[in-house]
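Participant: give me a model of this one.
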Amino acid sequence: MSIEPLDDVATRPVLRLTPGRDRRVKGGHPWAYSNEVAMTPALRALPPGAPIRLEGDDGVRHGTWLFNPHSLIAARRLSADPGVALDEAYFRARLAECIALRDRLVGAPFYRMVHAEADGLPGLVIDRYGDAVTLQANTAAMDRAMPLLVAALRALIDPRVIVARNDSAVRGLEGLPEQSGLLWGEDATARVREGGLEFSIDLLSGQKTGWFFDQRDNRARVAAMCQGASMLDAFCHTGGFGLLAAQAGATAVTLLDRSEPALALAMDTARRHGFGDRVSAQKGDAMEAMEAMVGAGKRFDVVVADPPAFAKARKDHPAAMRGYAKLARLAAMLVAPGGVLFIASCSHHVSPGEFTDAVASGIARTRRQARLLATTSAGMDHPVHPLLPESAYLKGLLLQFKE
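Facilitator: This next block holds a predicted model:
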């Protein structure tokens, strides 16, 4: 059964940029803000996510954009072609390009398949776990396009299950409800292969879209330093850093997280791979538990601190800076002499420089000397739009402590 396209190209409305407000769009920025476009009653009546033709007041055509009359970001760029048909064939072609790139970059079907604006599909995130797929539509247009996306995914890779993880708070900015569920198939469990391990994950109730592919390269970097080492994986979720450390020869790994289901999945993975005796799980608030460990005089050769976003909005920035400084102080006090710390931030409201300053401030309070071994970011399956610093959200620092 064919699925209706997003709109009728012949009747696609025109949205015009206001005089003097076209510089950013002409420079290639993929967003047009509400104060940069000329609203009319007819345009305000359009449904959120409606395709429009964006033009400058000088008549320059900027292609097909996706319009939301109720959002601060009024329009998002989709195609340079103002007459492109937004049907299943269009989305199938776009997804095929994304899959081909990830197959080259990763070499196995476990990756971030679509990374929103950087892949030309604004607000859309798709992760692939072999024969399972999670989809998150954070814009009204991608929410409307879900039937087309499901059909395209089925045609391209015939997944066993497709799960909607539309539970991100950012959907509220587009007037969308938070909801998750099955879009295709019945079983929402899956496994992801990385570094020779198969991790058990729950696509419906796990964090984000089920697994943090963005830390793949950083997990490998840390694991390479864990032979014969003791290791703490704080905010571990399903144990990516810690279990890869055990696989690489860590003698003792402590997994720390507040989620009992996530820890259970991590321990299941450890037992299946034969090193459950070297891995222990501790349930609790990571910051509180780390503080207790400091008080008890515990030390680890390798410490990983990979928390959820401390700054989910701009107003959270001051508290986030204090939080990262405190986390760095606690983590540094848990590192044994000569040991290493990997600490990360996924808050796009905190810049790389600000994060580095906060970590340096926290470490300085311990009066310990550290040197920076690497400044890292997300893997290449998370491409960055050059004009959207928001898409370069992940920041990581790998440090060694001299004594």
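
Participant: what ranges of this protein fall below the confidence cut-off?
Facilitator: Within the chain, the segments meeting pLDDT under 70 span 1, 206-209.

Participant: and the longest strand along it, what other elements does it pack with?
Facilitator: In the chain, with assignment by DSSP state E, the single longest strand is strand 335-345. Using 3 or more C-beta pairs under 8 Å, 6 or more residues apart in numbering; DSSP states H and E, the elements in contact with strand 335-345 are helix 216-223, strand 300-305, helix 317-334, strand 395-401. C-beta here means a position set from N, CA and C on the backbone, and glycine is covered the same way.

Participant: go through those and pick out the most buried.
Facilitator: With neighbours defined as mean count of other C-beta atoms under 10 Å, these peak in mean count at strand 300-305, which reaches a mean of 26.

Participant: residues contacting it, please?
Facilitator: When contacts are defined by C-beta atoms under 8 Å, 6 or more residues apart in numbering, strand 300-305 is touched by residues 222, 225-226, 229-236, 241-242, 245, 250, 254, 286, 290, 327-328, 331, 334-336, 338-344.

Participant: the same query, at a cut-off of 7 Å, please.
Facilitator: Here strand 300-305 makes contact (C-beta atoms under 7 Å, 6 or more residues apart in numbering) with 222, 225-226, 229-235, 241, 245, 327, 331, 334-336, 339-343.

Participant: can you tell me the strand partners of it and which way each runs?
Facilitator: Partners of strand 300-305 in the sheet, by DSSP bridges, are strand 230-234 (parallel), strand 335-345 (parallel).

Participant: using PDB, list the CA coordinates for the shortest one.
Facilitator: Coordinates of each C-alpha in strand 230-234 appear next as PDB, following Å, rounded to 0.1, in the frame of the first residue of the first chain:
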ATOM      1  CA  SER A 230      41.400  -1.600  38.300                       C
ATOM      2  CA  MET A 231      38.600   0.500  36.800                       C
ATOM      3  CA  LEU A 232      35.600   2.500  37.900                       C
ATOM      4  CA  ASP A 233      32.900   3.200  35.300                       C
ATOM      5  CA  ALA A 234      30.600   5.900  36.800                       C
END
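
Participant: hmm, who's touching it?
Facilitator: Residues outside strand 230-234 that contact it (C-beta under 7 Å, 6+ apart): 239, 241-242, 245, 250-256, 286, 290, 300-305, 334.

Participant: quick check: angle from it to helix 317-334?
Facilitator: Orientation check (axes from the mean of the first three to the mean of the last three C-alpha atoms, to 10 degrees): strand 230-234 against helix 317-334 gives 160 degrees.
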